[in-house]
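> Sharing a model prediction with you, sequence too.
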Amino acid sequence: MSDLYFIRDIILPPLLEGTLVTVKLIVLSIPLGLILGILIAVGRVYGNKFISSLCTIYTLFFRGTPLLVQLFIIYYALPSIGIFFSPFMAAVIGFILCSGAYHSEYIRGAIQSIKIGQMMAAEALGMSRIKAVLYIILPQALRRAIPGCSNEIIYLIKYSSLAFMVTCVELTGAGKIVATRFFKYTEVFLVVGIIYLLVVSVVTKFLNILEKKLRIPGLE
Amino acid sequence: MHEDNKIILKVEEIYKRYREEEVLRGISFEVRKSETKVIIGPSGSGKSTLLRCINQLTIPDKGRVWLEGEEVTHTKENINKFRQKMGMVFQDFNLFDHLNALRNVEIGLIRVKGMGKDIAREKAMEELKQVGLEKQAYLYPAQLSGGQKQRVSIARALAMDPSVMLFDEPTSALDPELIGEVLEVIKKLAINGMTMVVVTHEMGFARSVANEVIFIESGRIIDQGSPYKLFTNPEHERTKKFLYKITELYGKSGEGNE
């Protein structure tokens, strides 16, 4: 019984504080990463040569290097050229930039799966390119991208643990600190694991509801 | 009968080439107000490309297009201004899949014409009524039959109050039993004085509504004239051959008038 009290009174409070930081990290990174992903995808498909290749290079860089290296660059290397971020901000920026690259690929695929006739019909009505993308292409493409983007969002929740590597104490970091102090690795990381599982479950549920809600009647 | 009417659409010497293939080789014609031009010809003869060159969905290599006296090609003006006035109906409908019938019709009004939502909705509903689909207003494209989809797409184009309607094989993707309802709608438009260019294989329809039929082959106008002249006494051997083939395929002028 004393073990349970130990978990509840000693381990849990700092872990919950860490959870709060994790939640803040992902609540900022998920929507902003998605928006970045949409911009990059649209830039790649509809941009001129310059913008399109810029977006391609962006995706190549952020998918081609480890997130940890990106975080180290943002937090440890950028100050040498005079750009400083708090640990929290460094982590958020890293997550947004990285998840944006992954989202953009799911969204690009979805955009390219929309039949060319949709754009043609929009243009035939006299819609500008931008309006056609905004009102006709993206509403359909984003629906198709939901499963892929959900995947990336769930990854993001878990790789948010890397924030600890730039000294932002989130859930995993809090766990590491508590576990080391009391030498209770099993208990602590069991609880940490359960908390991640809970967060992921809640987000997954939400994403499933969203997908159902946005389903177009008559389509599979 | 329309001789006094003003020219709505003028197409002059349109050329279009895709790589090796010359799809259009100097096509010219004029459409006067309330006239229905029907364009026929074998597949691959450039009919669809021609329609797309008119509203610049495809940019022609050479040639000019005028709409109500204003040049559409080589213009500094925004092409979207002209496209609004040229309603287009596609072979495979191209309804916006994520919008119900009503919103398909109103989106152009709201996003292109900048109309208020309530007025747009009212007008869209009116257009759907015109094509007999007010009951289906809240259904999505995937819940509609092919014929209904095509009628919605006609309503969508009409809602913009176009000066001319361009139909690109509007019944070619339909099951035979659904063709009639779509042709009926187009016929009604012709009777009400809409100016139209219709690419079709429906010879019965061509016979009954066209003021002039244009026969295109290999990117050139081979023959043109009143339906009576073209169908009973075509000038060229190729027109005869084509008409013979098409009659074998689709039956003799479907609707039995004339």
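On my side now, so go ahead. Residues are numbered from 1 along each chain as shown, chains lettered A, B, ... in the order given.

> Show me what from chain B comes close to chain A.
Contact residues (Cβ under 8 Å from any Cβ of the partner chain) of chain B with chain A: B:55, B:57, B:80-84, B:86-88, B:90, B:92, B:94-98, B:100, B:107-108, B:111-112, B:139-143, B:153, B:156-157, B:160. Placement of C-beta: from N, CA and C, glycine included.

> Buried ones among these?
Among the residues of chain B next to chain A, those classed as buried by 16 or more other Cβ atoms under 10 Å in any protein chain shown are B:55, B:57, B:80, B:82-84, B:86-88, B:90, B:92, B:94-98, B:100, B:107-108, B:111-112, B:139-141, B:143, B:153, B:156-157, B:160.

> Can you check which helix is longest in chain A?
Looking across chain A with DSSP state H, the single longest helix is helix A:12-46.

> near chain B, which residues of chain A?
So chain A meets chain B at A:115, A:117-118, A:120-128, A:131, A:135-136, A:139-140, A:143, A:216-219 (Cβ under 8 Å from any Cβ).

> What are the buried residues along the strand or helix carrying B:Lys229?
Secondary structure assignment for B:Lys229, by DSSP states H and E: helix B:227-232. Buried residues in helix B:227-232, counting neighbours by 16+ other Cβ under 10 Å, are found at B:Pro227, B:Leu230, B:Phe231.

> Residue of chain B closest to chain A, please.
B:Ala142 (2.9 Å; Cβ to the nearest Cβ).

> and the residue nearest to that residue when sequence neighbours are not counted, how many neighbours does it have?
What sits nearest to B:Ala142 in space, not counting adjacent residues and going by Cβ to Cβ, 6 or more residues apart in numbering or on different chains, is A:Gly218, at 2.9 Å. By the criterion of other Cβ atoms under 10 Å in any protein chain shown, A:Gly218 has 13 neighbours.

> The residues of chain B next to chain A in helices, which ones?
Per DSSP H, the subset of the residues of chain B next to chain A in helices is B:Asn80, B:Lys81, B:Phe82, B:Arg83, B:Gln84, B:Ile107, B:Gly108, B:Arg111, B:Ser153, B:Arg156, B:Ala157.

> Now the closest residue to the second one other than its chain neighbours: which helix or strand?
This points to B:Lys81. Residue nearest to B:Lys81 in three dimensions, not counting chain neighbours: A:Gly126, with 7.1 Å by Cβ to Cβ, 6+ apart. Assigned by DSSP H and E, A:Gly126 falls within no helix or strand.

> Count residues in the vicinity of A:Gly126, would you?
24.

> for B:Ile186, same thing?
By other Cβ under 10 Å, 26 other residues sit near B:Ile186.

> just the one 4 residues further on next, same as before
The burial count assigned to B:Ala190 is 20, neighbours taken as other Cβ under 10 Å.

> I'd assumed B:Ala206 was in contact with it.
No. Using Cβ atoms under 8 Å, B:Ala190 is not in contact with B:Ala206; the gap is 11.2 Å.

> ok, now how distant is the residue of chain B closest to chain A from A:Asn48?
34 Å (Cβ to Cβ, to the nearest Å).

> A:Gly64 now?
24 Å.

> Likewise for B:Met125?
40 Å.

> out of those two, which sits in the more crowded spot?
Comparing B:Met125 with A:Asn48 by other Cβ under 10 Å, the one with more neighbours is B:Met125, at 18 against 9.

> what's in contact with stretch B:170-183?
B:89-93, B:132, B:145-147, B:150-151, B:154, B:186, B:198, B:200-202, B:205 (Cβ atoms under 8 Å, 6 or more residues apart in numbering or on different chains).

> show me the contacts for B:Arg220.
So B:Arg220 contacts B:Arg25, B:Gly26, B:Ile27 (Cβ under 8 Å, 6+ apart).

> Now the nearest residue to B:Met86 once chain neighbours are set aside. Its backbone dihedrals?
Here the nearest residue to B:Met86 in space, its sequence neighbours aside, is B:Asn55; by Cβ to Cβ, 6+ apart that works out to 4.6 Å. B:Asn55 adopts backbone torsions of phi -100, psi 20, taken as degrees, to the nearest 10.

> List the contacts of B:Asn55.
A:Ala124, B:Val72, B:Phe82, B:Arg83, B:Met86, B:Met88, B:Leu166.

> Mind checking which of those residues are in strands?
B:Met86, B:Met88, B:Leu166 (DSSP state E).

> got the contact list for the last one?
Read it as B:Leu166. Shown in contact with B:Leu166 (Cβ under 8 Å, 6+ apart): B:Leu51, B:Ile54, B:Asn55, B:Met86, B:Gly87, B:Met88, B:Val89, B:Met196, B:Val197.

> change it to 7 Å
When contacts are counted by Cβ atoms under 7 Å, 6 or more residues apart in numbering or on different chains, B:Leu166 touches B:Leu51, B:Ile54, B:Asn55, B:Met86, B:Gly87, B:Met88, B:Val197.

> returning to that earlier point: measure the residue of chain B closest to chain A to B:Phe96 for me?
For B:Ala142, the distance to B:Phe96 - Cβ to Cβ - is 11 Å.

> In the stretch 151-258 of chain B, what residue spans correspond to strands?
Here the stretch 151-258 of chain B has its strands, by DSSP state E, counting those that start in this stretch, at B:164-168, B:196-199, B:212-217, B:220-225.

> Of these, which stretch is the most buried?
strand B:196-199 (a mean of 26; mean count of other Cβ atoms under 10 Å in any protein chain shown).

> Relative to that one, what are the paired strands and their orientations?
Partners of strand B:196-199 in the sheet, by DSSP bridges, are strand B:36-40 (parallel), strand B:164-168 (parallel).

> Please name whichever of the ones you listed is nearest to A:Leu28.
strand B:164-168 (48.2 Å; Cβ to Cβ).

> Distance from the chain centre to that closest one, please.
Using Cα atoms, centre = their mean, to the nearest Å, the mean C-alpha position of strand B:164-168 is found 2 Å from that of the whole chain.

> What's the mean pLDDT across that strand?
Taken as a whole, strand B:164-168 has a mean pLDDT of 97.

> Keeping just the C-alphas, turn that strand into CSV.
Extracted in CSV, the C-alpha atoms of strand B:164-168 (Å, rounded to 0.1, in the frame of the first residue of the first chain):
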residue,chain,number,x,y,z
VAL,B,164,-22.9,32.0,-73.6
MET,B,165,-23.0,28.4,-72.5
LEU,B,166,-20.4,25.9,-73.6
PHE,B,167,-21.4,22.2,-73.4
ASP,B,168,-18.6,19.6,-73.7
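
> what about A:Phe95, how many residues close to it?
25.

> ok, so what distance separates it from A:Phe88?
Taking Cβ to Cβ, one finds A:Phe95 at 11 Å from A:Phe88.

> What's the local residue count around B:Glu127?
By other Cβ under 10 Å, neighbour count at B:Glu127 equals 25.
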